[in-house]
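Chemist: sequence below, structure please.
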Amino acid sequence: MPTLEGRMKITVAVGVWLGLTMGLTATAWSQDCVGGSIATKENYLYGRFEVRMQSVAGEGVVSSFFLYNIDEDCSWPEENNEIDIEMTGNNEWLQFTTHYPSLTYHTDIVVPDFNPHAALHDYAIEWEPGIVRWFVDGELANVQDAPYVEGLIHPMEILMNCWPSEAVGWTGVWDPSIMPVEAQYDYVRCYAYTPGTGSSGTDNNFTLLWEDDLSVLDTARWRVETDGGFGGNFCRFKSSGVEFRDGYMFLQIEEDSSLAEQIPVTFSVATTYEDFDASDIIYLNGTFNDWCGNCMPMNQVGDRWVLTIDLPPGGHEYLFARNLWEELGGAPVGSACDYRPCDIYNNYGFALPSGTPYLVLDTPCWGSCEPCALPTSLTQHPSNEPRQLLRICDVMGRETNFVPGQLLLYYYSDGSVEKKVVWE
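Modeler: Residues are numbered from 1 along each chain as shown. As a prediction, this is how the structure comes out:
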């Protein structure tokens, strides 16, 4: 089997993976830039996985091709598995890593005789029970076959992404002035593990399942991340970070042009069934104000608290707080309205598409998922008596007159409230 003769393997790193969970700050979830990320919709247990790619040069930048069992059942990190090919823009190394439960990892770093940021090169991962091999331009570059590799047992998806990292010791200091930058991908091939019956790879143990030349997006095969990220990533992954042109796929890091767009969003929560004091104040907290505590007091309208703010397109998380942080009104953990059910936080959340004229979110009861209805004693109204319009308010809760084409709140004598736009 051909090997990378003369190419130096300089170190082996073994440790507990803290990396992208360390130092989680406001910038770690910032939306100041857009990165690109794409993953297969299918997952694979063992196989051979090939890519032809060119990584990005530049401090702070990570380019990748890897396998990962995405946390769809809240099983991370207990079932964490990952096999990586990564290049960081601050050097010309190739980094080959396997990840395991309890956040342990094993990394081998190989220095090739070429600059991976300067041209397209072929890379491959072969994954069999108890062994992982990495290939570069058709030559064997690295092998991990120690007992710990037996821990790679979970089906994984194929992923590629490009993003700027906070991990200075790993990638160097991110310099946003280098934007835009892009990693280039020519093709991806996926082989099944078919020992004894295959026609490709080591000992002909693999059989080609499919090949994608990445000239266009195959939506049946790939899922483009439209609003995602993780701690330690300066950017948000959005669909604009993945582009197909001239027969290639490009994963980009670029300024987020949508930040100039501001969309009115109305938040509200009902305290109908809560024994709160008349002096209590409800505050809105979220990713959009760095969970500031008391910087966004809401306006009280009866037993509802309402606030409208302008937000850029993208993903936003939020919850309500009584008297600063005295009591939280968020989504029940792990519930249908828990925006990220696999984390420890009970935040509501939503994706705000570009071009949305405005958004009025549902009014939950305090600490619940369901839209809040008024108590029966307040909503009962004889069916033979038509309800009467009592007042009209704007989305800030201020009483106003009817304005054609404007979103307004209509309060009726039966206790109901309608949010609607009337044009004439």
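
Chemist: how about the strands in the stretch 251-400 of the chain?
Modeler: For the stretch 251-400 of the chain, applying DSSP state E, counting those that start in this stretch gives strands covering 263-270, 282-286, 299-301, 304-311, 314-322, 327-329, 348-352, 359-360, 389-393, 399-400.

Chemist: indicate which one of these is closest to Gln144.
Modeler: strand 314-322 (35.5 Å; C-beta to C-beta). Using the backbone N, CA and C atoms, a C-beta is placed for each residue, glycine as well.

Chemist: other residues contacting that closest one?
Modeler: Defining contact as C-beta atoms under 8 Å, 6 or more residues apart in numbering, one finds that strand 314-322 is touched by 31, 227-228, 236, 238, 256, 258, 265, 267, 269, 276, 280-288, 293, 298, 305, 327-331, 339-340, 345-352, 366.

Chemist: what's the answer for stretch 194-210, then?
Modeler: For stretch 194-210, using C-beta under 8 Å, 6+ apart, the contacting residues are Met1, Gly47, Arg48, Glu126, Glu128, Arg133, Arg189, Cys190, Tyr191, Ala192, Tyr193, Arg221.

Chemist: doesn't Arg189 make contact with the second one?
Modeler: No: judged on C-beta atoms under 8 Å, Gly47 makes no contact with Arg189 at a distance of 10.1 Å.

Chemist: more neighbours: the two, which one.
Modeler: More neighbours surround Gly47 than the other of Gly47 and Arg189, with 23 against 19 (other C-beta atoms under 10 Å).

Chemist: tell me who's in contact with the more buried one.
Modeler: If you count contacts by C-beta under 8 Å, 6+ apart, then Gly47 has Glu126, Trp127, Cys190, Tyr191, Ala192, Tyr193, Phe206, Leu209 around it.

Chemist: ok, Gly130 to Asp227 distance?
Modeler: Remark: distance between Gly130 and Asp227 (C-beta to C-beta, to the nearest Å) = 38 Å.

Chemist: okay, now Pro297: neighbour count?
Modeler: The burial count for Pro297: 12, using other C-beta under 10 Å.

Chemist: beta partners for Ala270?
Modeler: Listed beta-bridge partners, Ala270: Arg304, Cys365 (assigned using DSSP bridges).

Chemist: now Ser258, nearest residue through space, not along the chain?
Modeler: Pro313 (4.4 Å; C-beta to C-beta, 6 or more residues apart in numbering).

Chemist: and the helices in this structure, which stretches?
Modeler: 168-171, 376-379 (DSSP state H).

Chemist: would you single out the least confident of those helices?
Modeler: Sorting the helices of the chain by mean pLDDT places helix 376-379 lowest, at a mean of 35.

Chemist: I'd guessed Ile70 sits against Thr40; true?
Modeler: No: counting by C-beta under 8 Å, Ile70 stays clear of Thr40, with 10.0 Å between them.

Chemist: low-confidence regions, the stretch 151-300 of the chain specifically.
Modeler: 259 (pLDDT under 70).

Chemist: report the distance from stretch 403-414 to the chain centre.
Modeler: Centroid displacement of stretch 403-414 relative to its chain, using C-alpha atoms, centre = their mean, to the nearest Å, is 36 Å.

Chemist: whoops, I mixed them up, stretch 151-164
Modeler: 14 Å.

Chemist: quick revisit: who's more crowded, Gly130 and Asp227?
Modeler: Neighbour totals were compared for Gly130 and Asp227, and Asp227 leads with 18 against 14 (other C-beta under 10 Å).

Chemist: what number of residues lie near the spatially closest residue to the more buried one that is not a sequence neighbour?
Modeler: Excluding its sequence neighbours, the residue lying closest to Asp227 (C-beta to C-beta, 6+ apart) is Gly315, at 4.0 Å. Gly315 has 20 neighbours, counted by other C-beta under 10 Å.

Chemist: is Gly315 bridged to anything, and to what?
Modeler: With DSSP bridges as the rule, Gly315 is bridged to Ala351.

Chemist: Ile70 and Thr40: which is more packed in?
Modeler: Thr40 (22 against 14).

Chemist: so that one is in contact with Trp222, correct?
Modeler: Yes: contact criterion C-beta under 8 Å: Thr40 and Trp222 qualify, at 6.3 Å.

Chemist: packing partners for the lengthiest strand in the chain?
Modeler: Secondary structure assigned by DSSP state E gives strand 181-193 as the longest strand of the chain. The elements that strand 181-193 packs onto, with contact taken as 3 or more C-beta pairs under 8 Å, 6 or more residues apart in numbering; DSSP states H and E, are strand 33-40, strand 47-54, strand 61-68, strand 157-164, strand 206-212, strand 248-255.
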